[in-house]
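S.K.: Predicted model and sequence below, questions to follow.
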Amino acid sequence: MAIAIIILLLIIGTVIFHFISPWYFTPLASNWSAIDNTVELTFWITGIVFVAVNLFLVYVLFRYRSRPGLKAEYEPENKKLEGWLTLATTIGIAAMLAPGLYVWGQFVKPPDNAIQVEAVGQQWHWSYRFPGEDGVLGKVDTRLVREDNPFGIDPTDPAGQDDILIFSNELVLPLDQPVKMLLRSKDVLHNFTVPQFRVKMDMVPGISSFLWFTPTRTGVFDLMCEELCGIGHYAMRGRVVVKEPDEFKRWLARQVTFAQTQSRSAGDAALGRAQYMVCAACHGPQGEGNEGLHAPRLAGQDLWYLQRQLKNYQHGVRGTTEGDVFGGQMIAMANLVSDEQSMQHLLAYIGSLPEPARAKADGDLRRGQQLYRNCMHCHGEQAEGSFHMNAPRLAGLEPWYLSRQIVYFRDRVRGGHPDDFYGAQMSLLVQSLRSEEDIDDLVAYINSLQPAQLARRD
């Protein structure tokens, strides 16, 4: 009897929790209400079966409980009962599968007027590509991916020259316009998921998958990777912003094309030298850095990373967060090279500076090596950095600067701005460093590393 009462209470509690639970669908923001309907139908069918089966179990436990003078009978087969159970099970499964197959048939047939957008996944970042005026996306090949061609677009394909490239985790889409998302991965298995749109699909390296939806309300919606894609999987996040069609067109017109990214002329180090004179006041005449002025070393750092940070200062992504005093000082300096060509000249000169000598960092190298295991997946085994992982070089940076940035990420001084996607990832990852000792040991180990490219420059 006790077991029967427990099962009965379990049934009642489960049903009550289902109706009062705060965890349910996010508000729908696309045309896929049919997916909600199929899920709700599944809830009802499985819920009814759950209640019926367990109520039957309670009845059996009560009706055939052990009593003096009664003897159990063994009946191994009952064709009538088996027939009814088979029929009921078949009806239940068909009732769940048929609507799902019907909706799936619609899901794999995007409308003819759907605009095409390619989403590219990589550890742990999103980027996007729109077709240009010709309406056709150019050919791509992961073997063509490099620093000046991160999408791997075939430069010999005329259709790819006007492709519009979005180097950001934020995707903007027009309201009430069907969108066919072409999904591609550069490295490992990812998954494109927007819960408010009720869509998700795996992104498999080497092939292109797709899904489609129509945004039905404006707003900002979460984009997540719902496939375990590596140690930083939980930090692979993005946003989909739905705007009115006119706003979307204005936004799209401001983005760069593949041809524009390839036509940028290389910087002139001689011209950049004059521009660097302003920087030298803090960062040193040879880009060696100055701890007294809180200015980090620039010589030897990845130029693509320096360019990204200059643009972050210009756009207020860095230097505007509470507590970032030194970043705030950089905003005015970064705006001295606001045009693209001036920035390229400056970067070319910084790239010509010799690698400065290193300062010594104290710490437990063995503990630091263990702590660095999480970092090396992006920054490399020798802290050499990786453009494809959007991870800058760490080896060679001053210990005091590395320590300060780790603390900034931990305290959300960096990574707190809504557009600082990489900073937000770092803020999540550095939470594993639980003490100042951890930071000291990690920094000491990074300082001991000597990547091959740095060794050649010493």
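M.R.: Thanks, I have the structure now.
S.K.: Off-centre distance for the helix ranked longest in the chain?
M.R.: Identified as the longest helix of the chain according to DSSP state H is helix 33-63. Per Cα atoms, centre = their mean, to the nearest Å, the displacement of helix 33-63 from the mean C-alpha position of its chain is 37 Å.
S.K.: Helix or strand next in line after that helix, which one?
M.R.: helix 79-107 (DSSP states H and E).
S.K.: contacts for the host helix or strand of residue 377?
M.R.: Following DSSP H and E, one finds residue 377 within helix 365-379. Under the criterion Cβ atoms under 8 Å, 6 or more residues apart in numbering, residues 123-124, 230-232, 383, 385-386, 389-394, 429, 432-433, 438, 441-446, 448 lie in contact with helix 365-379. Quick note: C-beta positions are derived from backbone N, CA and C, even for glycine.
S.K.: residue boundaries of the strands in the stretch 101-250 of the chain?
M.R.: Under the criterion DSSP state E, counting those that start in this stretch, strands of the stretch 101-250 of the chain are mapped to 115-122, 125-130, 164-166, 170-174, 179-185, 190-194, 199-203, 209-213, 219-225, 237-243.
S.K.: Can you lay out the ones you listed as TSV showing mean pLDDT?
M.R.: Formatted as TSV, the entries for the strands of the stretch 101-250 of the chain read as follows, by pLDDT from 0 to 100:
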stretch	mean pLDDT
strand 115-122	92
strand 125-130	92
strand 164-166	91
strand 170-174	93
strand 179-185	94
strand 190-194	93
strand 199-203	92
strand 209-213	93
strand 219-225	92
strand 237-243	92
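S.K.: out of those, nearest to residue 109?
M.R.: Comparing the strands of the stretch 101-250 of the chain by their distance to residue 109 (Cβ to Cβ), the top pick is strand 209-213, with 8.3 Å.
S.K.: Tell me the strands beside that closest one, with direction?
M.R.: strand 179-185 (antiparallel) (DSSP bridges).
S.K.: Report the beta-bridge partners for the closest residue to residue 255 other than its chain neighbours.
M.R.: Excluding its sequence neighbours, the residue lying closest to residue 255 (Cβ to Cβ, 6 or more residues apart in numbering) is residue 164, at 4.9 Å. Counting by DSSP bridges, residue 164 is bridged to residue 130, residue 257.
S.K.: What is the neighbour count of residue 164?
M.R.: With neighbours defined by other Cβ atoms under 10 Å, the count for residue 164 comes to 20.
S.K.: Let's see the pLDDT reported for the spatially most central residue of the chain.
M.R.: For the chain, the residue nearest the mean C-alpha position is residue 236 (2.2 Å; Cα atoms, centre = their mean). Residue 236 is assigned 85 on the pLDDT scale.
S.K.: ok, it touching residue 190?
M.R.: Yes. Taking Cβ atoms under 8 Å as the definition, residue 236 is a contact partner of residue 190 at 7.4 Å.
S.K.: Touching both of the two, which residues are there?
M.R.: By Cβ under 8 Å, 6+ apart, the residues touching both residue 236 and residue 190 are 121, 225, 229.
S.K.: Enumerate every residue touching the first one.
M.R.: Spelled out, it's residue 121. For residue 121, the contact set (Cβ under 8 Å, 6+ apart) comprises 183, 184, 185, 186, 190, 192, 203, 225, 229, 236.
S.K.: quick one: secondary structure of the closest residue to residue 161 other than its chain neighbours?
M.R.: Spatial nearest neighbour of residue 161, chain neighbours left out: residue 259 (4.3 Å); criterion: Cβ to Cβ, 6+ apart. At residue 259, secondary structure determined by DSSP: H, G, I helix; E, B strand; the rest coil is helix.
S.K.: Any regions of the stretch 351-458 of the chain where pLDDT drops low?
M.R.: 452-458 (pLDDT under 70).
S.K.: Please repeat the previous calculation with a cut-off of 90.
M.R.: Within the stretch 351-458 of the chain, the stretches with pLDDT under 90 are 354-363, 373-380, 384-391, 395-397, 412-413, 415-434, 447, 449-458.
S.K.: Tell me which residues touch the residue nearest to the centre of the chain, please.
M.R.: Residues counted as contacts of residue 236 (Cβ under 8 Å, 6+ apart) are 121, 123, 124, 125, 126, 190, 224, 225, 229, 425.
S.K.: Most neighbours of all these, which one?
M.R.: With neighbours taken as other Cβ under 10 Å, the top of the contacts of residue 236 is residue 190, carrying 30 neighbours.
S.K.: if we can go back for a sec, run through the neighbouring helices and strands of the longest helix of the chain.
M.R.: Under the contact definition 3 or more Cβ pairs under 8 Å, 6 or more residues apart in numbering; DSSP states H and E, helix 33-63 sits against helix 2-20, helix 79-107.
S.K.: Okay, buried residues for it please.
M.R.: Judged by neighbour count (16 or more other Cβ atoms under 10 Å), helix 33-63 contains these buried residues: 35, 38, 58, 61.
S.K.: Correct me if wrong: the second one contacts residue 103.
M.R.: Yes. Using Cβ under 8 Å as the test, residue 38 is close enough to residue 103 to be in contact (5.5 Å).
S.K.: From residue 63, how far off is residue 57?
M.R.: To residue 63, residue 57 is 11 Å away according to Cβ to Cβ, to the nearest Å.
S.K.: again, but for residue 244
M.R.: Relative to residue 63, residue 244 is positioned 64 Å away (Cβ to Cβ).
S.K.: one step back: pLDDT and distance to residue 359 added to the buried residues of helix 33-63, as CSV?
M.R.: Converted to CSV, these look like this (pLDDT from 0 to 100; distance: Cβ to Cβ, whole Å):
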residue, pLDDT, distance to residue 359
35, 90, 57
38, 89, 62
58, 89, 73
61, 84, 75
